[in-house]
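Q: A predicted structure for the sequence below; I have some questions about it.
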Amino acid sequence: MIEKVNPSHPDKLADRIAGAIVDLAYQKEKEPKIAVEVLLGHGNCHIIIETNVSYTKNEIKKIVTRIAGSLELDLQVVKQDPHLASNQKGKIRCGDNGIFKGVPLSKEEKELSKIAKTIYQEYPFDGKYILDHKKLVICQSNASTEELRKKYPTAIINPLGDWSGGSEVDSGATNRKLGSDMAKSVTGGGLHGKDLSKADVSINIYAFLKAQKEKKTIRLSCAIGDDIIDGKEYKEIVQIAKDYIEQIGGFEKLAEWGLF
């Protein structure tokens, strides 16, 4: 059983904005420290950024408009706590406490991801999808239910009829769709809106990739300040995550579909 949401779902708009802000941080600094939270909906977008990077409101406004349209921006940018910042002085260390789990993707999870991406190519609007064994549920906004039924004749499609969707219908917040992003690998840490020193980003990616390679569940934990995780220097885990992020095209790209 798996649920997938597409990149135009309001929660994913929030994740994508956060990811784009982190991408910009890496354009400005080699090793930025940043954490971003986004809440949007009904004409407004609220953003809090904790960082050592300098931003202008206009830079953030351009990102919001490109991804989510014309929203009223409420922005707060604050310096990262100096105690947390000192953790990274001289050596790359784990940026937070956390428990992590990587689980091999099932055939069902891969199948729904493919279905969701195929539908989104034709209908790039708010949508969410469920696959529970043979039961397929498609809720796709700004799409003809009858047209979708021709392609997916056994699916449950738009149970309440055609709908418009988007952030005028529903609010969105960062890291609210981790089940869609990580399947059974999800634990407590949010994947989006953080730099690579944060364990929620690097160790989550590392554990997920290792699980796919070894075809078994990977369980890890860390304490803030740790420099060895799973027998590897933390900087090596950060580099593995960095290589993956660069391969897919950045943090905003990660936010579109998550890890699969």
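A: Received the coordinates, thanks.

Q: now the helices for the stretch 101-250 of the chain?
A: 107-122, 145-151, 178-182, 199-214, 234-248 (DSSP state H, counting those that start in this stretch).

Q: how about those in TSV, adding mean pLDDT?
A: Below are the helices of the stretch 101-250 of the chain laid out as TSV (pLDDT from 0 to 100):
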stretch	mean pLDDT
helix 107-122	98
helix 145-151	95
helix 178-182	98
helix 199-214	98
helix 234-248	98
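
Q: to Asn6, which of these lies closest?
A: Among the helices of the stretch 101-250 of the chain, helix 107-122 comes nearest to Asn6, with 4.6 Å by CB to CB. In this view, the C-beta of every residue, glycine as well, is placed from N, C-alpha and C.

Q: can I get the CA coordinates of that closest one in CSV?
A: What follows is helix 107-122 as a C-alpha-only set of coordinates in CSV (Å, rounded to 0.1, in the frame of the first residue of the first chain):
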residue,chain,number,x,y,z
LYS,A,107,7.1,-3.6,-6.9
GLU,A,108,3.8,-1.8,-5.9
GLU,A,109,5.7,1.4,-4.8
LYS,A,110,7.6,1.5,-8.1
GLU,A,111,4.5,0.9,-10.1
LEU,A,112,2.5,3.7,-8.4
SER,A,113,5.5,6.1,-8.9
LYS,A,114,5.5,5.3,-12.6
ILE,A,115,1.7,5.8,-12.8
ALA,A,116,1.8,9.2,-11.0
LYS,A,117,4.6,10.5,-13.2
THR,A,118,2.9,9.4,-16.4
ILE,A,119,-0.4,11.2,-15.4
TYR,A,120,1.5,14.3,-14.3
GLN,A,121,3.2,14.6,-17.7
GLU,A,122,-0.3,15.1,-19.2
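
Q: OK, contacts around the closest residue to Gly189 other than its chain neighbours?
A: Nearest residue to Gly189 in three dimensions, chain neighbours excluded: Asp200, at 3.4 Å (CB to CB, 6 or more residues apart in numbering). For Asp200, the contact set (CB atoms under 8 Å, 6 or more residues apart in numbering) comprises Asp96, Gly98, Gly189, Gly190, Leu191, Lys194.

Q: count of residues packed around the closest residue to the second one other than its chain neighbours?
A: Computed as CB to CB, 6+ apart, the closest residue to Gly98 that is not its neighbour in sequence is Ala199, at 4.5 Å. Close neighbours of Ala199, defined as other CB atoms under 10 Å, add up to 29.

Q: Ala199 and Leu191, how far apart?
A: Applying CB to CB, to the nearest Å, the value for Ala199 to Leu191 is 11 Å.

Q: do the same with Asp96
A: Distance of Asp96 to Leu191, given as CB to CB: 13 Å.

Q: and these two? which has more neighbours close in?
A: Here Asp96 and Leu191 are compared on neighbour count by other CB under 10 Å; more neighbours surround Leu191, at 27 against 20.

Q: thanks a lot, catch you later.
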